[in-house]
Each structure stands twice: as structure tokens, then as C-alpha cells.
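S.K.: next one to model:
(one chain, ligands or ions: 2)
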Amino acid sequence: MTTRIGITGAAGRMGKTLIEAVSLAGDELQLAAAIERPESSLVGADAGELAGIGKIDVAVSASLEDVIGNIDVLIDFTIPAATVANVQVCAAAGTAIVIGTTGFDDAQQAVIDDAATKIPLCKATNFSTGVNLCFKLLEVATQVLGNDVDIEIVEAHHRHKIDAPSGTALSMGEVVADTLGRDLKQVAVYGREGQTGARERDTIGFATVRGGDVVGDHTVSFMADGERVEITHKASSRMSFGRGAVRAAGWLPGKAPGFYDMRDVLGL
Ligand SMILES: NC(=O)C1=CN([C@@H]2O[C@H](COP(=O)(O)OP(=O)(O)OC[C@H]3O[C@@H](n4cnc5c(N)ncnc54)[C@H](OP(=O)(O)O)[C@@H]3O)[C@@H](O)[C@H]2O)C=CC1
Ligand SMILES: O=C(O)C1=N[C@H](C(=O)O)C[C@H](O)C1
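M.R.: Ligands and ions are numbered 1, 2, ... in the order given. Predicted coordinates for the structure are as follows:
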């Protein structure tokens, strides 16, 4: 059976990547709708031409509500406010959703958690296989190195990124903090300046770099006296995220309502 996919934020960097990723995914997955903001000049354009893969006879729509009945699953990589609106449309229609947007505040996350009681919902801060493998490697490294190391996370992204630290860096911090039985909200340090005092062992530090066209680099350092372990992931193409999100979109429809992430899709 064919899974009909909708993509919001169709003209965005990830939206265009996702349109191409669906076209590469085989006959079981089909792009059934591409949605942009009503005021976008791209409404009515062919989604394939927008993504640079040639005509696919799917016109960009101005409203998710207009097309929700034509899709089995929505993939949403937009901005938090738009995702929150879109997840509510999906919950009302009983349609599954894959969420890649990052940068939600607690109130926005609560709306998403509520939707997951009604529909199958797969949300990940990073859909690449490599990053999800890194989450596993981080668990092991943290278990072995434990409380004897200082842990710092550095991420770099392109100049257009609007949230910091990246969702992936925060997820990496959560994996490490959970494994150590620490509460990330209590121990995270976001950047340092001035007379900071000596580093406290229990803290987990984050540093952010922005510039150029960096697709997404993440390094977690475990630093002891005399040695250092670093786990690094470098994305060189957005297709690494697009492939993963489309795989999640093929996996999700038909699942029981609930909150899933890419580790569930990969069986990690
Ligand atoms: N989980 C993962 O694996 C990954 C997650 N991301 C995340 O995905 C998100 C999008 O990233 P990226 O594609 O680079 O961003 P872009 O800015 O390129 O795209 C965002 C899209 O959302 C649309 N949009 C913005 N505001 C609204 C609104 N109010 N209503 C409806 N649509 C809106 C934009 O439309 P318009 O062009 O008209 O403004 C655009 O199409 C980010 O949160 C990023 O962190 C990115 C890569 C991987
Ligand atoms: O905005 C991006 O580009 C990316 N965002 C995600 C994040 O915040 O972690 C995933 C990836 O690193 C690219």
C-alpha cells in the first residue's frame, strides 16, 4: 500500500530536501501534498520544480486543512509556532505527523505531547542515522567515564539557523545527563564570559558556533586529567536528515497513538 506524504514548509531548506527524499524513496511512498504559507509567492508552483527535481504534478497548497484528508502522514520542518498549529490540525484529523522542527519552549512542547495522546507522532531533533548512533555511543561513553570527567558539547551550524543551542546538542546533553542521573535544566551552562570561577564537575557546558553553510557539526568531549574522549558527528548534506525523516514517515502510519523518535524507527 502506498503511504501518502504531506510536507509543510515546502520551500524551506529542509522542505525542498524532503520533497527530493520522497522522490528517491521508492513507489511505496508518494508525495501527495506540499504546503507553504498562504502569502507565499510559491503557492500553486509545482513542488518538484520548487525542489529542483523537475515537474511532479503536485501543486504547492496554501493551507494544511485543505489537503489533510489526502495524506496519511505529515512531515513538518518549519518553525515552532507553525509546527504547533500543524500538529493540532493533524490531531483533529487523526493524521500521523513526523516533526523535525527544533527550538520549542515548554508550552509548545506540551501541545505536542498532548497531540501524541491522539495520533502517532515521531519527533526527533535529528533524523540522521549517524546522530542516532551517536546517542547510543554517548550512553556507553557516559556509563564508562561516569563522574570522573568534564563534559562539554560544541555545535556549529550555518548562518541562517535561528535557535541555539541546536536541538541535537540539547538531545546529546539529555542523553548524557539522564545516564548520569543529573537534571539537564539544573546542570546546563550555556556559554561562558568574564569571571566565571572554576568549572564545577557536575555541569554540562554548551558552546554554539554560527557561520557560512555548515550543515551541522556536533562534538561531545569527555575530559579527564591526562586524556580526552570526543564523539563527533558532521553532516555534509541535508539529505542525511531528509532520508531519515522520510523513513520515519513510512514507518509511522498505523502505529498506536504515542510519542516516538528516530531511535524507535531505527530499533536502537
Ligand atoms: N530534526 C532534524 O533532523 C532537522 C531539523 N531541522 C530543523 O527544521 C527546521 C527548519 O529548518 P530549515 O529548513 O533549515 O529552515 P527554513 O527557514 O529554510 O525553512 C522553514 C520553512 O518554514 C516555513 N515557515 C516559517 N514560518 C512559518 C509560519 N509562520 N507558518 C508556516 N510556515 C512557516 C518557511 O516558509 P517561508 O519560506 O515562507 O518563510 C519555510 O518554508 C528548523 O527548526 C531546524 O532546526 C533542520 C534540519 C534537520
Ligand atoms: O537548523 C538546522 O540546520 C539543523 N537543525 C537541527 C538541530 O537543531 O539540531 C538538526 C541539524 O543539526 C540541522
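
S.K.: report how many residues lie close to the residue lying closest to Val111 once chain neighbours are set aside.
M.R.: Sequence neighbours aside, Val84 is the residue nearest to Val111 in space, at 5.1 Å (criterion: CB to CB, 6 or more residues apart in numbering). Any C-beta I mention is one placed from the backbone N, CA and C, and that applies to glycine too. Per other CB atoms under 10 Å, the neighbour tally for Val84 reads 22.

S.K.: helix, strand or coil for Val84?
M.R.: Here Val84 is recorded as helix under DSSP: H, G, I helix; E, B strand; the rest coil.

S.K.: per-residue pLDDT, it?
M.R.: On pLDDT, Val84 comes in at 98.

S.K.: got the buried residues for stretch 191-206?
M.R.: For stretch 191-206, burial by neighbour count (16 or more other CB atoms under 10 Å) applies to Ile204, Gly205, Phe206.

S.K.: go on, stretch 27-43?
M.R.: For stretch 27-43, the neighbour count (16+ other CB under 10 Å) marks Leu29, Gln30, Leu31, Ala32, Ala33, Ala34, Ile35, Glu36, Leu42, Val43 as buried.

S.K.: can you put those in JSON lines and add pLDDT, secondary structure and distance to ligand 1?
M.R.: Formatted as JSON lines, those follow (pLDDT from 0 to 100; DSSP: H, G, I helix; E, B strand; the rest coil; distance: CB to the nearest ligand atom, whole Å):
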{"residue": "Leu29", "pLDDT": "98", "secondary structure": "strand", "distance to ligand 1": "18"}
{"residue": "Gln30", "pLDDT": "97", "secondary structure": "strand", "distance to ligand 1": "21"}
{"residue": "Leu31", "pLDDT": "98", "secondary structure": "strand", "distance to ligand 1": "15"}
{"residue": "Ala32", "pLDDT": "98", "secondary structure": "strand", "distance to ligand 1": "18"}
{"residue": "Ala33", "pLDDT": "98", "secondary structure": "strand", "distance to ligand 1": "14"}
{"residue": "Ala34", "pLDDT": "98", "secondary structure": "strand", "distance to ligand 1": "10"}
{"residue": "Ile35", "pLDDT": "98", "secondary structure": "strand", "distance to ligand 1": "8"}
{"residue": "Glu36", "pLDDT": "97", "secondary structure": "coil", "distance to ligand 1": "6"}
{"residue": "Leu42", "pLDDT": "97", "secondary structure": "coil", "distance to ligand 1": "8"}
{"residue": "Val43", "pLDDT": "97", "secondary structure": "coil", "distance to ligand 1": "10"}
